[in-house]
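Chemist: let's see this in three dimensions:
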Amino acid sequence: MRTSTAICRLGLAFGALLAPAPQTLASEPIFPFEVREVSIPMADGERLFGNLYLSGEGQHPAIVTITQSAAKSWYRSHLPRASFARSGDYAVLFVNTRGRGASRNLKRRGGRNPFGQDGYDVIEWVASQPWNNGKVGMWGGSNEGKNQYATAQAQPPHLVCIMPAMTTTNTKEKGDLSRSYEQLYRGGVLRHELIDRLPSESPEVQQVLAHPLYDPSFWERREPDAPTVADIEVPVMAIGGWFDNDVNRASLRTFESLLSAASNELRPQHRLLIGPWTHTGMYIDGLHGQLSYDNTAELYQQREKQFFDHWLRSIDNGEPETPAITYYEMGANRWQTTQDWPPGGMREVSFFLHPDRSLSAAPTAADAAPLAFTSDPDNPVPTVGGQNKTRVAEKGSWDQREKVEGHPDVLTFSTAPLERDLAIAGDLTLRIHLSSDAEDTDIAFRLTDVHPDGRSMLLRDGILRLSLRNSFERYEFLTPGEIYKATVETIPVAHTFKSGHRVRLVLSGSNYPRWEVSGNTRDKNAAPKVATNTLHLTPEHPTHLILPVVE
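Modeler: Residues are numbered from 1 along each chain as shown. Below you'll find the predicted structure:
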C-alpha cells in the first residue's frame, strides 16, 4: 500500500475497462496448480479480474483474497508460504479490487458498502463454478482484511469463514475516536512516518494536515466505506502482531465487538491470534527488529490450516475447543491462551519515577526534586524501531542506547535488576505532572526491557501533545511555569521482563520521524523554539508508569 487506508479513501476515482477473454496461463513451478486468468461479473455490469489456482480435478473448497496488489506478484510472495495452499486441498483465487492491478480502470461502485457488494458477487461467482464444492473462505492481511470484513457484512450465502490479518474495522463505542484519526493523530500528534512518502501538495495530505483536531464531521465522513462488525454471521479468525502498526486498542476492540455482536451460537467460534510480528510478518521465523522469535510461523500456519480445514472441509481437528485468544508472550517467548482480554489475574501496578532516575513501586519522598529536560525541534530524538508501517524508520524491537538514550534531550528511569520474572499483558499508561516554559510541547515515552548485557530493547512508545491533554477536539495551551496533569497512553502488549532484567522508561519531547516534531509554540506558523520541560515527582504531583501486571 502507498499509504494508510484512511488516506487512500480520500480520493480514489475509477474508470471502466472491458473484460478480456479468459485464458489459461502456464503453471507456476512451485505448486502443481493450473493457473487461469478470470473475469468475474459484478451486479453493476463491471468485471473484476484475478488469478485462479486449481490443484487437481474435481470440486474443492475455495479461499479468496480480494487485494490491491497485483495478483501474480502477491501469489509469488505470499501463497508459497500458506499452509492451506501447500496442501493442495483448496482452490485459491486472487482478485484485484477496482482501481488496482488488472481491475485498475473500473468505475467505482455506488451504494452502501461497495467493497462488500463486490465481495458478495465474487463469493457467489466462485460458488457457481464447477470446481467449487459450495464452500468459500477468505484470507489476507492489511487492506485485504478490511475487504473480508466488508464482504462478511454483505452476507453472501456461500461465505463460510474469514481470516483477516493485521487489520481493524471502524467499530467504535460512543465517544471513541474514529479509526482514521486515531491512526493518523495518535495522542494528537501527526504520525509523520505514514505520510512522509506522499507528495505534500496532494489533496489527501493537505486535508489531513488541515484537520489536526478531532472534528467528527470531517474524520467520520472520511470513512463512509469502512467496515464494521455489524451483521457478520460467519466465524472469524483475526490475526495480529505486537509490532504491527494496526494492532492497538482498535484491534482488540474489533474482536470484543465481534463477540458482543455475535449470537450465542456464533460467539464461541471467533478466534484471535496475536504473535510477536511486524506488519504481515506472521510467516517469518527469526528476527523481528533485533530480537528473534523462533517457531512462531509454525504455530500460525498450523492454526491457519486448522481453522480452514474445520470450517471448509468439515474436519474434526479440535478447532471448536481452542481458546478464544492465543497470544505470544514476548520475553518469555511462549504462546499463551485466554478466553478474555486482558487475561485473568491482571492488576495495574504503579512504578514511580524518582529524582535519582530510578523506577520503583515505592512512592517518592515529599521533597522529591523535579527534573528538567529540553525539547529542541532542530535536534529531535530519533525513532529507532517500533510499530512503524513504512520504511522511514526501522520496525520491531531495537536497542535504544546509542541513538535514543544517548541523546541530550532524554531522561531515563530504570528499576533495579528484577529478582523474579515480571509479566505484563494489557494497556500501558504514563501519568505525568509537568510544567514548561513553552505554551505547547509534546511528551514522548518509550518502554524498554534492559537485558543483563545492557541492551535496552524497545517494547512500546507513546506520545501526547500537551495542549490536547483533556480533549482532541480543542487546544488548551499552557501557561508557562504552571503544573499540568496529563495521561499518555500506548497500545497493548504482552511481555515478561525476566529475572535479572530491568524495566526502563525513556522520556523525551519527540520521537521523529514516527511522529511530527512540535515547534513548542502556540502559533504553528511561528519559528520553533527550544522548550524546557520540568517533570514533577512529589506525592502531591506524582509521575508514574502503570503496568498491567499478570500474577
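Chemist: tell me what whichever strand or helix holds Leu48 is packed against?
Modeler: Leu48 is part of strand 47-54 when elements are defined by DSSP states H and E. Other helices and strands packing on strand 47-54, by 3 or more C-beta pairs under 8 Å, 6 or more residues apart in numbering; DSSP states H and E, are strand 34-41, helix 71-78, strand 91-96, helix 114-127. Bear in mind the C-beta positions are built from the backbone N, C-alpha and C, glycine included.
Chemist: dump those to a markdown table, plus mean pLDDT.
Modeler: Formatted as a markdown table, these follow (pLDDT from 0 to 100):
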| stretch | mean pLDDT |
| --- | --- |
| strand 34-41 | 91 |
| helix 71-78 | 59 |
| strand 91-96 | 91 |
| helix 114-127 | 95 |
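Chemist: looking at those, which is buried most?
Modeler: Highest mean neighbour count of the helices and strands packed on strand 47-54: strand 91-96, a mean of 25 (counted as mean count of other C-beta atoms under 10 Å).
Chemist: which secondary structure elements does that strand contact?
Modeler: Looks like strand 91-96 contacts strand 34-41, strand 47-54, strand 60-67, helix 71-78, helix 114-127 (3+ C-beta pairs under 8 Å, 6+ apart).
Chemist: could you rerun that using 6 Å?
Modeler: When contacts are defined as 3 or more C-beta pairs under 6 Å, 6 or more residues apart in numbering; DSSP states H and E, strand 91-96 sits against strand 47-54, strand 60-67, helix 71-78.
Chemist: torsion angles phi and psi at the residue nearest to Gly119 when sequence neighbours are not counted?
Modeler: Leaving aside its sequence neighbours, Gly119 sits nearest to Thr151 (C-beta to C-beta, 6 or more residues apart in numbering; 2.8 Å). Thr151 has phi and psi values of phi -70, psi -40 when expressed as degrees, to the nearest 10.
Chemist: now Thr151: how far from Asp231?
Modeler: 11 Å (C-beta to C-beta, to the nearest Å).
Chemist: neighbour count: those two, which is higher?
Modeler: Shown here are Thr151 and Asp231; by other C-beta atoms under 10 Å, Thr151 has more neighbours (29 against 12).
Chemist: so the residue nearest to Gly119 touches Gln117, yeah?
Modeler: No. Assessed by C-beta atoms under 6 Å, Thr151 is found out of contact with Gln117, at 8.8 Å.
Chemist: packing partners of the biggest helix by length in the chain?
Modeler: Taking DSSP state H as the criterion, the chain has its longest helix at helix 296-313. Helices and strands touching helix 296-313, as assessed by 3+ C-beta pairs under 6 Å, 6+ apart, comprise helix 83-86, strand 132-141, strand 159-165.
Chemist: quick one: mean pLDDT over that helix.
Modeler: Across helix 296-313, pLDDT averages out at 94.
Chemist: show me the contacts for Lys403.
Modeler: By C-beta atoms under 6 Å, 6 or more residues apart in numbering, the contact set of Lys403 is 382, 384.
Chemist: kindly report the same for Asp421.
Modeler: Contacts of Asp421 were listed using C-beta under 6 Å, 6+ apart, and they are 496, 498-499.
Chemist: hang on, isn't Thr441 packed against Ala531?
Modeler: Yes. Using C-beta under 6 Å, Thr441 is in contact with Ala531, at 4.6 Å.
Chemist: what is in contact with the two at once?
Modeler: Counting by C-beta under 6 Å, 6+ apart, the residues touching both Thr441 and Ala531 are 375, 520.
Chemist: what about Gly110, distance to Asp44?
Modeler: 8 Å.
Chemist: tell me the buried residues in stretch 379-386?
Modeler: When burial is assessed from 16 or more other C-beta atoms under 10 Å, stretch 379-386 yields the following buried residues: 380-381, 383-386.
Chemist: just give me the closest of those residues to Phe413.
Modeler: Minimum distance to Phe413 across the buried residues of stretch 379-386 is 15.5 Å, recorded for Val381 (C-beta to C-beta).
Chemist: distance of Asn295 relative to Arg108?
Modeler: According to C-beta to C-beta, Asn295 and Arg108 sit 44 Å apart.
Chemist: those two: who's more crowded?
Modeler: Each of Asn295 and Arg108 has its neighbours counted (other C-beta under 10 Å); Arg108 has more, 14 against 11.
Chemist: what's the spacing between the residue lying farthest from the centre of the chain and Thr296?
Modeler: Residue farthest from the centre of the chain, counting by C-alpha atoms, centre = their mean, is Asp367 at 42.0 Å. Applying C-beta to C-beta, the value for Asp367 to Thr296 is 49 Å.
Chemist: Phe472 now?
Modeler: According to C-beta to C-beta, Phe472 stands 35 Å off from Thr296.
Chemist: pull the residues that contact stretch 382-400.
Modeler: 193, 196, 243, 245, 278, 288-291, 403-404, 448, 455-458, 461, 511, 513-514.
Chemist: Tyr300 touches Met282, doesn't it?
Modeler: Yes. Under the criterion of C-beta under 6 Å, Tyr300 makes contact with Met282 at 4.6 Å.
Chemist: please name the bridge partners of Leu353.
Modeler: In this entry, Leu353 is beta-bridged to Leu359, by DSSP bridges.
Chemist: quick one, phi/psi of Ala494?
Modeler: Dihedral pair for Ala494: phi -130, psi 120, per degrees, to the nearest 10.
Chemist: among the helices and strands packed on strand 47-54, which is nearest Leu159?
Modeler: Closest approach to Leu159 among these is made by helix 114-127 (4.9 Å; C-beta to C-beta).
Chemist: using PDB, write down the CA coordinates of that closest one.
Modeler: This file holds the C-alpha atoms of helix 114-127, laid out as PDB (Å, rounded to 0.1, in the frame of the first residue of the first chain):
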ATOM      1  CA  PRO A 114     -19.400  -1.000  -2.200                       C
ATOM      2  CA  PHE A 115     -16.400  -3.200  -1.300                       C
ATOM      3  CA  GLY A 116     -18.700  -5.700   0.400                       C
ATOM      4  CA  GLN A 117     -21.000  -5.700  -2.600                       C
ATOM      5  CA  ASP A 118     -18.100  -6.600  -4.900                       C
ATOM      6  CA  GLY A 119     -17.000  -9.300  -2.400                       C
ATOM      7  CA  TYR A 120     -20.600 -10.700  -2.400                       C
ATOM      8  CA  ASP A 121     -20.500 -11.000  -6.200                       C
ATOM      9  CA  VAL A 122     -17.100 -12.600  -6.100                       C
ATOM     10  CA  ILE A 123     -18.100 -15.200  -3.500                       C
ATOM     11  CA  GLU A 124     -21.300 -16.200  -5.200                       C
ATOM     12  CA  TRP A 125     -19.500 -16.400  -8.600                       C
ATOM     13  CA  VAL A 126     -17.000 -18.800  -7.000                       C
ATOM     14  CA  ALA A 127     -19.800 -20.900  -5.600                       C
END
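Chemist: mind starting the numbering at 58 from now?
Modeler: That works, and once the first residue is 58, the last one we named lands at helix 171-184.
Chemist: for Arg165, give me the pLDDT.
Modeler: 77.
Chemist: err, Glu280, not the other one
Modeler: On the pLDDT scale, Glu280 is placed at 57.
Chemist: also Gly68?
Modeler: pLDDT, Gly68: 27.
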